[in-house]
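**Student:** here is a sequence with its predicted model. Questions after.
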Amino acid sequence: MPEVKTHTHCIHCGDPSTIRLKGYNRVPLLKCRRCRLVFAAQIPSGAELSAYYAHYGQQHHASPLTRIRYRQWLQAFALYRRTGRILDIGCGVGFFLEEASAAGWEVFGTEFSDGLVRICRDKHIRMHQGPLDETCFAGLAFDVVVWIEVIEHINDPNRDLAQIFRLLRPGGLLFITTPNFNSLERRLLGERFNVIDWPEHLTYYTPATLRRVLLASGFRKKKITTTGISVTRLRGSLTGRTEPVTAATSADESIRKAAARNPLIGAGKYLINLLLNLTRTGLSMKGWFEKSA
């Protein structure tokens, strides 16, 4: 039986004074006393990660509402356009980059599996296969790097952030989305919250810890928002049944469609998100960070 390895120091600041979070036994979690970052205690092996991610990220449904959201992001990113290049780290099958290409960006992506890389190359996306390293798009500078639901999957944020810092032009934007460990759902559900899932998710951020990690890597914060409640995740966490949040038939997608059709429901959703952002308890955290000019 392979040896189980666990962290002895904080994966961000290196401090050895970590504490085990009470009540998290299904996936044991550690919290750094110094920088307050929360992360999984167990270190997955290469074989465990390879087995888990063998068929990960290959869903081929892109919600029309998600595509609208991508276009809204791209409208905001246009303020940063200088080189015209945009990079999506962990781009999956390339839905976001399809929208970026349609908006006139020169598009680049990274992925691990042969299948995802092949799908994206067939869409004329320039790809790097494997982890971020010095060979990744060497000599190119990007206006915008997006990291959509990826940072929670990695055990060494400092290493990847150093590579992203290298890839961004001075003044460029790093846009990050990740689940919020301070979310109302996590507070209510504790370890039953199905975002806490090993070896898929290895690091758990709050607005404060995301800011701290990014600033330590040389970025400056523009803004961090926390919005959203996932009925799909709530139901799955309570019943133990897994349902993709992005599925066309999910409860979350039904609510999004209703809010788009009905102005009253849309206004209610807006007010809820406003409150969740003010209290920093929304599930979806979005961070806008700039590379110092």
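**Tutor:** Received it, and whenever you're ready, just let me know what you need.
**Student:** so, low pLDDT: which residues of the protein?
**Tutor:** Residue ranges of the chain with pLDDT under 70: 1-2, 57-61, 244-248.
**Student:** if we go to 80?
**Tutor:** 1-3, 54-62, 240-249, 293 (pLDDT under 80).
**Student:** now the helices for it?
**Tutor:** Applying DSSP state H to the chain gives helices spanning 46-52, 64-77, 95-102, 114-122, 157-167, 184-189, 207-216, 231-239, 251-261, 263-278.
**Student:** what's the longest one packed up against?
**Tutor:** If I follow you right, that is helix 263-278. strand 219-227, helix 251-261 (3 or more CB pairs under 8 Å, 6 or more residues apart in numbering; DSSP states H and E). Every C-beta, even on glycine, is put in place using the N, C-alpha and C of the backbone.
**Student:** which one of these lies closest to residue 18?
**Tutor:** Closest to residue 18 of the helices and strands packed on helix 263-278, according to CB to CB: strand 219-227, at 24.2 Å.
**Student:** sheet partners, orientation included, of that closest one?
**Tutor:** strand 284-291 (antiparallel) (DSSP bridges).
**Student:** for the helices and strands packed on helix 263-278, give me CSV that also has distance to residue 182 and mean neighbour count.
**Tutor:** Formatted as CSV, the helices and strands packed on helix 263-278 follow (distance: least, CB to CB, whole Å; neighbours: other CB atoms under 10 Å):
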stretch, distance to residue 182, mean neighbour count
strand 219-227, 7, 17
helix 251-261, 20, 16
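**Student:** identify whichever of those lies nearest to residue 233.
**Tutor:** helix 251-261 (8.0 Å).
**Student:** alpha carbons of the closest one, as CSV, please.
**Tutor:** Extracted in CSV, the C-alpha atoms of helix 251-261 (Å, rounded to 0.1, in the frame of the first residue of the first chain):
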residue,chain,number,x,y,z
ALA,A,251,-31.4,23.7,-10.6
ASP,A,252,-28.9,26.4,-10.9
GLU,A,253,-29.4,26.7,-14.6
SER,A,254,-33.2,26.7,-14.2
ILE,A,255,-32.9,29.6,-11.8
ARG,A,256,-30.5,31.5,-14.1
LYS,A,257,-33.0,31.1,-17.0
ALA,A,258,-35.9,32.3,-14.8
ALA,A,259,-33.9,35.3,-13.7
ALA,A,260,-33.1,36.2,-17.3
ARG,A,261,-36.8,35.9,-18.4
